[in-house]
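**Student:** below: sequence and its predicted model.
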Amino acid sequence: TRTSSRPSGSSSAAMADASAGVPGPEGSAMKLSFARINQEMSALEVDLLGDEGLEYADWSERRPTFVDFFGQDAGFRYLRAKGNSIEGGTSEVLRNVISERVLGLPTEHRVDKDVPWKDLPR
């Protein structure tokens, strides 16, 4: 069969968004995928190293002047990979974005949607 060279409605809308500088779903999907892959790879590394995988040279709670992910211990990489699912938007938020905006699924029920901020219990 021959496919049409004319873009479908959804792809032409995506091309219009891309040309207008509107971000597409690719960034959310890539971040979600990277966070999961990074966590799985670092967990595998710790498992393969056994007890040595739990060793970590510096457990101090200070901000480093330079972050060298690959020059660190497996323990550091394992703990640091957990942050990938938090920074830049949590993985849960990204899953909601993908499900609602990309897949067109119904939004999650929110009891506070029409309640002013000042009236929300805290």
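**Tutor:** Perfect, thanks for sending it. Residues are numbered from 1 along each chain as shown.

**Student:** helices of the protein, start to end?
**Tutor:** Remark: helices assigned in the chain by DSSP state H are 9-19, 26-49, 74-82, 91-97.

**Student:** what residues of stretch 37-51 count as buried?
**Tutor:** 38-39, 42-43, 45-46 (16 or more other C-beta atoms under 10 Å). To be clear about C-beta, it is placed using only N, CA and C from the backbone, and glycine gets the same treatment.

**Student:** for these, which one is nearest Arg122?
**Tutor:** Relative to Arg122, the closest of those is Gln39; by C-beta to C-beta it sits at 32.2 Å.

**Student:** most tightly packed of the helices of the chain?
**Tutor:** helix 74-82 (a mean of 18; mean count of other C-beta atoms under 10 Å).

**Student:** least trustworthy helix or strand in this structure by mean pLDDT?
**Tutor:** Among the helices and strands of the chain, helix 9-19 carries the lowest confidence by mean pLDDT, DSSP states H and E, at a mean of 57.

**Student:** quick check: phi and psi at Ile86.
**Tutor:** phi -110, psi -50 (degrees, to the nearest 10).

**Student:** related to what we said a few turns ago, just put the buried residues of stretch 37-51 in CSV and tack on distance to Gly83 and pLDDT.
**Tutor:** Converted to CSV, the buried residues of stretch 37-51 look like this (distance: C-beta to C-beta, whole Å; pLDDT from 0 to 100):
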residue, distance to Gly83, pLDDT
Asn38, 10, 90
Gln39, 10, 92
Ser42, 11, 92
Ala43, 14, 94
Glu45, 16, 94
Val46, 16, 93
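
**Student:** pick out the most distant pair among those residues.
**Tutor:** Maximum distance among those (C-beta to C-beta): 12.8 Å, for Asn38 and Val46.

**Student:** measure the residue nearest to Arg77 when sequence neighbours are not counted to Ala20 for me?
**Tutor:** Nearest non-adjacent residue to Arg77, counting by C-beta to C-beta, 6 or more residues apart in numbering: Ser42, 4.7 Å away. Distance, Ser42 to Ala20, by C-beta to C-beta, to the nearest Å: 38 Å.

**Student:** so who does Glu52 touch?
**Tutor:** Ala74 (C-beta atoms under 8 Å, 6 or more residues apart in numbering).
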